[in-house]
Structure formats: structure tokens, C-alpha cells
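>>> How does the following fold in three dimensions:
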Amino acid sequence: MFKIESKVSVNSADYKENKTAMQEAVRVLKERLALVKKGGPDYMHKKHKDRGKFFVRERLRLLLDPDTPFLELNPLAAWDMYDNGHPGAAIITGIGLVHNREVMVIAHDATVKGGTYIPETIKKHIRAQEIAMENRLPCIYLVDSGGIFLPLQVGTFPDRFHFGRIFFNQARMSAENIPQISVVMGFCTAGGAYQPAMSDEVVIVKGVGTIYIGGPPLVKAATGEVVSEEDLGGADVHCCISGVADHYAFSDEHAIEITRNIVENLGVSSKFALTRKEPEEPAYDPSELYGIIPRDPKKTFDMREIIARLVDLSEFHEFKELYGPTIVCGFARIMGYPIGILANNGVLFSESSQKGAHFITMCAVRKVPLLFLQNITGFIVGKTYEHQGIAKDGAKLVHAVANAQVPKFTVIIGGSYGAGNYGMCGRAYDPRLLWMWPTARICVMGGEQAASVLTDIKVRTLTKKGKKPTPKEIEEIRNPILVKYENESSAYFSTARLWDDGIIDPLDTRQLLGLAIAMALNAPIPDHKFGIFRM
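Here you go, the predicted model:
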């Protein structure tokens, strides 16, 4: 393959300004991540420690193989929501190694509202299970939760993807022979009691671990019976009497040791045989990524410069280089794994849509994973392009993305707007993982375009009523719309609502992609099936 020839000048004023802007964006990201990782307030930490319990991240360190990466998902879930009273949505999810085997870990943080579930907690839990199912990852649940956060119960209980979906997914994973292990290290109450009850193996810690459908207050109210938490659903009850638990632990540390032993005895795990070479670093310094992304999102940049700092040896075999130039397609390797890359270099025309569909189907047939690098305002608009059939050509790209059964990964680097999000494998198109860079934007359209459209509609409505607004009145209509769209298109607004799997430092992109591809190979890659392409 050919090495990409970079044209970036690290001494230019633009590069230096871009770098400063991205460094600041990454600083803010790391500051917010550090804040969330602290968990709940100090008094909850003290209460947790007084009970002899390890904090959730201490549990993770004991569980995972030493000096191995942990791919944490959605760490900023519920950011800037509910007065920031639920950092991380009271749960940590992510992919790590236990006895050199990739596992999905779902761990409650009891220092945050007792580990209770708000709507975003449920969404985060279910998203982790979806990833585990699609990639056939064993699930380890570190259970320490008081169940649903009752003040927000309206968004947690009855709907299709509310609390009950967690146990539905457990049943489906069991049917698919995906191992599930629950480690009860605190409360496991009400509907949450089904989490261990539906797992393959259950570990419970004496003195702090409890499992019951109804706690002592509910039992007393319903039956008049007075019973302690331990006598109702402690380790002795469930290991010696009910049989709900299988392994009796004397401490958090002991429980983790048992859990690691369980994983060691899960049996052989085979991976899809994707030909891998020895990983080699990019020819260009990845830190230069900071200076390539313009601080002004309206400015263009060549996506090949990004690719050159992500792929092995900066080598890229480009496909149809001279045709449909607003999308860049080609083959490369990331951390030794083969990958097909689609990256935006402008708006999607008919030619670029056809080119992308062609390339995706080739990768799907050859069983090569796909990486989408998004910086897209959408498909081209206008009378000429509609007459030429941009709708049916765009549909070809959407068809190809939807039906490609190879592992797909998406990184939103710049903008992600309108149907361009769909054609470039947005959330609705089931990428195995989707990340955003700190300065990325996502919305149905750009703030200025939206403000112009909505302002124009409002002005025409007023004019029809005989009220001709002044320029000042027009600005008063326009500005609030612009502010609203700018806020709602930010990466932090997206990640708080789990429209992505996390905001990442651009410098971590290559390693995360390598981990993601390795994870995806736990599942087979099926033969490709085509849809109907409107010609």
C-alpha cells in the first residue's frame, strides 16, 4: 500500500491556533471525566467505606487483568442533567480483560444515590448488554443498587426499553450461550433481584450483599413480619437455604477472586479468523491531529490527514480516488487489523454516494470491518440534484450501510448533520461502537441553517397576518433559536443522552479502535445479504 503524503505544516498559524483550541477542548473533557470518576458526595463515600466495601473503581482494578486497558463506555451519561446529581448515571460499563478474555463489566456506583436507576442508567445498562450480545462478550455484573430511583420512576418502568428490558436481554443472552455472572456486593432489591436470579453463576458477599424482592420495610407493611436484611436475603440465606446464590464470599476482595476463577473456567473462546499483521505505528505523529481539525467548524480539511495519523505506517490503498471525491474510501490497517475506511471530504453527491455503497458492499462480501470518519453536512440539495436522483443514490448508500454485517465503527470528528449521519453509519445504523471528538457537533442541521429556516417561517407567518417585523424583531426571533441549536448539537449534549458511546481524546482513537476490532472478533461475521438498490 502507498503511504499518504501529508501536506500539514506544523509551523503555520492555522495549525497552531487549531492545536491550542483542541488542547483546550481536551482539557475540559479530562476535567469533566475526572469529576465524574469521583462518584457521589463525600458523605456517601464515608458511608460506603464504613460498611467495609470497596469503591466501584477499586473493584474494577481487582477484577481486570493488571496493566490492561479498560474501554469505558458512556462515562459522561447524564452530564449536566438533574443538577449533575447522578454522575455517570450511577453505573460504570465497559470492556476489559479477565484471564486474557474480553468481558463486558456492568458495575453500580453505590456512592451515587445508592446506585439507583434513572432513565439514563437503564439506557446505559441496556447499551452495554447490546454490545455484549452483538460481540458475544461474557457479562459480569457488580451489583450494588437500590433499584429504581423513585422520583424519576416515570421514565424507568413500563416502556419497551425501560427496566424490564435488562432482564429480557439476560434471558436472550442465556439462550445464546453468552455467560453471565452476578457479584452481589451490596443491595439487590425489588426487580433488581432478577439480575442475579437470571445469571449463570452468582457470588454474594456476607454481611453486605443482600437479594430480596421486597426489603424489610415493605415486608412489614405487607405482612406485618419484622425481619432483618441479613435474615431476609443475606449470603447465608441464598447460599444455604434458597440456592439463589452459588458462591459465598467473606469480602469484596474474596468475591472478586471467586469471579476471576469463574471466568477462568468458562471454557475456550474462539475468535473470527481475521488476518492480522504485526502492528506498526503511523509514519506521522498522532499528536498532530490536534492541529488538523479547524477551530472554526465551517472550515474544511482533508480527511486523509486524519487517516494518516490513525493507520499503521500511514499506508492507505485508496479506492476510486478520482471519482466522487467528497468521500474518501480505502483499505488500511489499524493495530495490525485490516479495515475499510469511509471518510467525508465534503457534502455527499450522487457520485460519492454510489462510490461509498460500492466500497461498503466490497468490504461486506470480503468480511473486512468498516470505519466511518464523519464530518458531514448531509446530501447535496437543489433542483439539479433532485432531477439527477440524489434521493435514490443516497438511498443506495443507506442500504449498503444498513445491510453490511461486518463490524462497523464510527467516529464523529467534525459535524454530523441530517441524513449524512445516516449514510455515514450514525447511531441508528448499529455501529458496534460510536465515539465523538470533543469539538464534534451533531444535529438535524447546523444552528445557522436552522435559525434561518425557522426565522423565515415565523416572519412569513407574521407578514401574512399584516405584521411586518423590524430587523431588530427578526434578530429577537433568530437568536434564541441559534442558541438552542448550538447547545443541543454539542458533543456533551449528545453523550449525556447516550447518543454515542463516549467523547474521546483524539489521541486515544487509534488504540480504542484496535481494542474495538479485537472485541468484535468474538462474534462470527455472517455472509453478506443485499437489499434492493433502486437503480
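>>> Over to Glu31: give its phi and psi.
Glu31 adopts backbone torsions of phi -60, psi -40, taken as degrees, to the nearest 10.
>>> right, I mislabeled it, should have said Ile106
Torsion angles, degrees, to the nearest 10, at Ile106: phi -130, psi 110.
>>> who's it bridged to?
Residues in a beta bridge with Ile106, per DSSP bridges, are Thr93, Tyr141.
>>> So what's the residue count around it?
Taking other CB atoms under 10 Å as the neighbour definition, Ile106 ends up with a count of 24. Yep, even glycine has a C-beta here, placed from its N, CA and C like the rest.
>>> Confirm for me that it is in contact with Asp144.
No. The criterion here is CB atoms under 8 Å, and Ile106 misses it with Asp144 at 11.2 Å.
>>> Tyr337 - nearest residue in space that isn't next to it in sequence?
Leaving aside its sequence neighbours, Tyr337 sits nearest to Ile517 (CB to CB, 6 or more residues apart in numbering; 4.5 Å).
>>> repeat for Gly426
In this structure, Gly426 finds its nearest non-sequential neighbour in Ser416, 6.5 Å apart by CB to CB, 6+ apart.
>>> just the helices in the stretch 401-535 of the chain please.
For the stretch 401-535 of the chain, the helices defined by DSSP state H, counting those that start in this stretch occupy 418-423, 447-464, 471-488, 491-496, 509-520.
>>> Tell me the pLDDT of the residue of the chain most remote from its centre.
Within the chain, Gly466 marks the point farthest from the mean C-alpha position, 49.9 Å out by CA atoms, centre = their mean. The pLDDT attached to Gly466 in the predicted structure is 91.
>>> so who does it touch?
Applying CB atoms under 8 Å, 6 or more residues apart in numbering to Gly466 gives no contacts.
>>> ok, back up a step: please tabulate the helices of the stretch 401-535 of the chain in CSV, including the columns distance to Asp65 and mean neighbour count.
Putting these into CSV (distance: least, CB to CB, whole Å; neighbours: other CB atoms under 10 Å) gives the following:
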stretch, distance to Asp65, mean neighbour count
helix 418-423, 36, 22
helix 447-464, 45, 15
helix 471-488, 40, 14
helix 491-496, 28, 22
helix 509-520, 13, 22
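>>> Could you say which one of those helices comes nearest to Ala77?
helix 491-496 (6.5 Å; CB to CB).
>>> Check which helices and strands the closest one is in contact with.
strand 433-436, strand 441-443 (3 or more CB pairs under 8 Å, 6 or more residues apart in numbering; DSSP states H and E).
>>> so which of these is the most packed in?
Sort those by mean neighbour count, taking mean count of other CB atoms under 10 Å, and strand 433-436 sits at the top with a mean of 24.
>>> hmm, who's touching it?
Strand 433-436 is contacted from outside by 131, 409-412, 425-427, 442, 491, 494-495, 500-504, 509, 512, 516, using CB under 8 Å, 6+ apart.
>>> before we move on, the earlier item: just send the helices of the stretch 401-535 of the chain back as TSV, with distance to Glu288 too.
Formatted as TSV, these follow (distance: least, CB to CB, whole Å):
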stretch	distance to Glu288
helix 418-423	26
helix 447-464	29
helix 471-488	28
helix 491-496	21
helix 509-520	13
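>>> closest one to Gly94 among the ones you listed?
Distances from Gly94 to each of those were compared by CB to CB, and the smallest falls on helix 509-520, at 10.3 Å.
>>> what packs against that closest one?
strand 71-73, strand 327-334, strand 337-344, strand 408-417, strand 433-436.
>>> between the helices and strands packed on helix 491-496, which gets nearest to Gly420?
Closest to Gly420 of those, according to CB to CB: strand 441-443, at 10.5 Å.
>>> helices or strands up against that closest one?
By 3+ CB pairs under 8 Å, 6+ apart, strand 441-443 packs against strand 408-417, helix 491-496.
>>> Tabulate these in CSV, adding columns for mean pLDDT.
CSV is the format used below for the helices and strands packed on strand 441-443 (pLDDT from 0 to 100):
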stretch, mean pLDDT
strand 408-417, 97
helix 491-496, 98
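>>> Take these and lay them out in CSV including distance to Leu266.
Formatted as CSV, the helices and strands packed on strand 441-443 follow (distance: least, CB to CB, whole Å):
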stretch, distance to Leu266
strand 408-417, 26
helix 491-496, 32
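>>> who wins for proximity to Gly330 among the ones you listed?
Nearest to Gly330, of all the helices and strands packed on strand 441-443, is strand 408-417, at 15.6 Å by CB to CB.
>>> Please find the angle between the direction vectors of that closest one and helix 447-464.
Angle between the axes of strand 408-417 and helix 447-464 is 40 degrees (criterion: axes from the mean of the first three to the mean of the last three CA atoms, to 10 degrees).
>>> picking up where we left off before, tell me which of the helices of the stretch 401-535 of the chain lies nearest to Lys113.
Minimum separation from Lys113 across the helices of the stretch 401-535 of the chain (CB to CB) falls at helix 491-496, 16.5 Å.
>>> Now do that closest one: distance to the chain's middle.
In terms of CA atoms, centre = their mean, to the nearest Å, the centre of helix 491-496 is set 11 Å apart from its chain centre.
>>> Just the CA coordinates for that helix, please, in PDB.
Backbone C-alpha positions of helix 491-496 (Å, rounded to 0.1, in the frame of the first residue of the first chain) are rendered in PDB as follows:
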ATOM      1  CA  ALA A 491     -20.900  16.600  22.000                       C
ATOM      2  CA  TYR A 492     -21.700  16.900  25.700                       C
ATOM      3  CA  PHE A 493     -25.500  17.200  25.000                       C
ATOM      4  CA  SER A 494     -25.200  14.000  22.900                       C
ATOM      5  CA  THR A 495     -23.100  12.000  25.200                       C
ATOM      6  CA  ALA A 496     -25.300  12.800  28.300                       C
END
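>>> Many thanks, we can stop here.
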